[in-house]
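Visitor: Quick one: sequence and predicted model below, then my questions.
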Amino acid sequence: MQKHDLRPRLLAIALAAATLCAAPLTALAASAAGNEAVTSRVFASMVTAKQPKLAELTMFLTMMPKGGDLHHHYSGALYAEQYLRWVDKQGFCVNKAGYTINVDQAVAKAERAKPLAERVCLSGEDSLQDNTFLSNLLQRWSDKDYHNHGAIQNPPDRQFFDTFGYFNAVASTNTAEGLQTLKRRAIDENLSYIETIFEIAPIAQDAGFDDKARAGTVTDADLAAYMGKLEGDQAFNGWIAAYLDNVKTSGAGIDDQDFTLRYQPFALRFLTPSQVFSQMVSSFKLATASPMIVGVNIVGQESTHVSMRDYALHMKMYRFLKTRYPAVKLALHAGELSLGMVEPEGLKFHIKDALDVAGASRIGHGMDIAHERDPLAIMKEMHDRNIPVEVNLSSNDFILGIKDQEHPVTLFRKYGVPFVLSTDDAGVSRNNLSGEYVLYAARYQPSYNEVKKLSYDSIRYAFLADADKQRLLKALDGKFMQFEAAIARAQPITRR
């Protein structure tokens, strides 16, 4: 029997099968590329017109997948109306005179027993139903109506930072419900990841350490000694354990195929040096104790006297801790300042020190870059080291009065500094991440590819485990294919 070599025939069959399989994939890729091109042209038509088409941009960018929000304060993200509902859950009331929360439950109960007209402290539900009272309350608990009612408001920076004092009494009381609210709203605007600056880190105080700080004599040996004291403090360690438990219980059921949440504890920069350092220590320990806690931060108004006086010390504290916990990521608020807010010397070094002394992996705000010493070198360093800025257009506009071509995002674009768009405090600003994208698109007329890259970068620069990051990036690919297909299918209706 003659033997035949079947290998050529088998190879031909395999090649034919591969060709048949590849044809649909090639068509799919061509279709996806075509949809992206159409979407790019649609977007360009919205931003290159004489006046940006804001209604169309709002719809487009609300629909568009937006990756993550990397500069996000939990308490500032919730709207005031939710805090009013929590006032009732806690059995508190809101003082009619000062719009502050009275946490004395006996007082609140007695007030509820009075006729409504005689009450001096209202329930949350009464506050929500009294339109005049609610309007006045929202002007204090948020930035709402500020520019329409400026005569009854504080200066904008004080207005913004003072809001937290009004609702802090209930800000930490129902965190599981609050996180679920944020998740639902994120999914509604096609956002898949939030890295939230969650709760103040556990805190302690040491008078001797503060005395040395006031004298300017704190050394690394002093930091080590105080850290050792904290590590041996049973109560302090208990607070760290309680924080971890709060993250675990509050975040239960949050992560799923549609949404991922991670946390940053924070220090308050305007407290005493020993308090700030204790919060830094607990933050670093928290970040090493749970994969859900992915970085640490420092917050609070940067322009106050204590914040400015102790800034260099704070950066040295971070350097000290970073050498002991090199894997912990820092996303530091730095340079949230404008000319005239502080003395000129105060604008010269905040971003530089956050990078080179503290070892920050991301910079929050970065607004004073144009005033820093050798800004070109700083921006080159950020470009070369791939360190992004978290840009918060609404709060930068409100707090600092910086927007349009005055905003340093124009410098970041020009000199190749990575950046992402984020909300800062969406509840206080009465905004959302889609609104930040609309502001960016309307003001700076980016291409669709640039806006799409911002969405991807908000995942690439997240402090996520690599497996989580790749999972979210892959999901983002699918979401953009669906989004661009929907835009390409949509045809405007021409009226006759």
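Guide: Structure received. Residues are numbered from 1 along each chain as shown.
Visitor: Surely residue 71 forms part of a helix?
Guide: No. With DSSP: H, G, I helix; E, B strand; the rest coil as the criterion, residue 71 is located in strand rather than a helix.
Visitor: pretty sure it contacts residue 392?
Guide: Yes. Contact criterion CB atoms under 8 Å: residue 71 and residue 392 qualify, at 5.8 Å. Yep, even glycine has a C-beta here, placed from its N, CA and C like the rest.
Visitor: list the residues that contact both of these two?
Guide: Common contacts of residue 71 and residue 392, defined by CB atoms under 8 Å, 6 or more residues apart in numbering, comprise 364-365, 422-424.
Visitor: what's next to the helix or strand harbouring residue 55, contact-wise?
Guide: Element membership for residue 55, per DSSP states H and E: helix 54-63. By CB under 8 Å, 6+ apart, the surrounding residues in contact with helix 54-63 are 42-43, 46-47, 189-190, 434-435, 437-438, 441-442, 451, 483, 486-487.
Visitor: A ChimeraX selection for those, restricted to the buried ones, would help me check which they are.
Guide: If you want just the buried ones from the contacts of helix 54-63 in ChimeraX, going by 16 or more other CB atoms under 10 Å, the selection is:
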select :42,43,46,47,189,190,434,435,437,438,441,442,451,483,487
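Visitor: Sort out which one of the contacts of helix 54-63 lies nearest residue 115 for me.
Guide: The shortest distance between residue 115 and any of these, using CB to CB, involves residue 435 and amounts to 41.5 Å.
Visitor: Need the three-state assignment for that closest one.
Guide: Classification of residue 435 using three-state DSSP returns helix.
Visitor: can you pull out the helices in the stretch 151-300 of the chain?
Guide: 156-171, 175-188, 207-215, 220-231, 234-250, 273-289 (DSSP state H, counting those that start in this stretch).
Visitor: Would you convert these into JSON lines that also reports mean neighbour count, distance to residue 345 and mean pLDDT?
Guide: Formatted as JSON lines, the entries for the helices of the stretch 151-300 of the chain read as follows, by neighbours: other CB atoms under 10 Å; distance: least, CB to CB, whole Å; pLDDT from 0 to 100:
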{"stretch": "helix 156-171", "mean neighbour count": "18", "distance to residue 345": "19", "mean pLDDT": "86"}
{"stretch": "helix 175-188", "mean neighbour count": "17", "distance to residue 345": "39", "mean pLDDT": "97"}
{"stretch": "helix 207-215", "mean neighbour count": "14", "distance to residue 345": "20", "mean pLDDT": "96"}
{"stretch": "helix 220-231", "mean neighbour count": "15", "distance to residue 345": "26", "mean pLDDT": "98"}
{"stretch": "helix 234-250", "mean neighbour count": "15", "distance to residue 345": "36", "mean pLDDT": "97"}
{"stretch": "helix 273-289", "mean neighbour count": "24", "distance to residue 345": "21", "mean pLDDT": "98"}
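Visitor: Tell me the gap between the helix holding residue 55 and the middle of its chain.
Guide: With CA atoms, centre = their mean, to the nearest Å as the basis, the distance from the averaged C-alpha position of helix 54-63 to the chain average is 21 Å.
Visitor: Name the residues of it that are buried.
Guide: Of the residues in helix 54-63, those with enough neighbours to count as buried (16+ other CB under 10 Å) are 56-58, 60-62.
Visitor: In JSON lines: the helices of the stretch 151-300 of the chain, plus distance to residue 335.
Guide: Compiled in JSON lines, the helices of the stretch 151-300 of the chain are given as follows (distance: least, CB to CB, whole Å):
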{"stretch": "helix 156-171", "distance to residue 335": "15"}
{"stretch": "helix 175-188", "distance to residue 335": "27"}
{"stretch": "helix 207-215", "distance to residue 335": "23"}
{"stretch": "helix 220-231", "distance to residue 335": "25"}
{"stretch": "helix 234-250", "distance to residue 335": "28"}
{"stretch": "helix 273-289", "distance to residue 335": "18"}
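Visitor: Minimum distance to residue 412: which of these has it?
Guide: When the helices of the stretch 151-300 of the chain are ranked by proximity to residue 412, the top entry is helix 156-171, at 22.7 Å, counting by CB to CB.
Visitor: For that closest one, name the packing helices and strands.
Guide: Secondary structure elements in contact with helix 156-171, counted by 3 or more CB pairs under 8 Å, 6 or more residues apart in numbering; DSSP states H and E, are helix 74-77, helix 80-89, strand 101-102, helix 131-141, helix 426-429.
Visitor: could you dump the ones you listed to TSV with mean neighbour count, mean pLDDT and distance to residue 293?
Guide: Shown next, in TSV, are the helices and strands packed on helix 156-171 (neighbours: other CB atoms under 10 Å; pLDDT from 0 to 100; distance: least, CB to CB, whole Å):
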stretch	mean neighbour count	mean pLDDT	distance to residue 293
helix 74-77	24	96	13
helix 80-89	20	97	24
strand 101-102	20	97	29
helix 131-141	17	93	28
helix 426-429	26	94	22
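Visitor: I appreciate the help and will end here.
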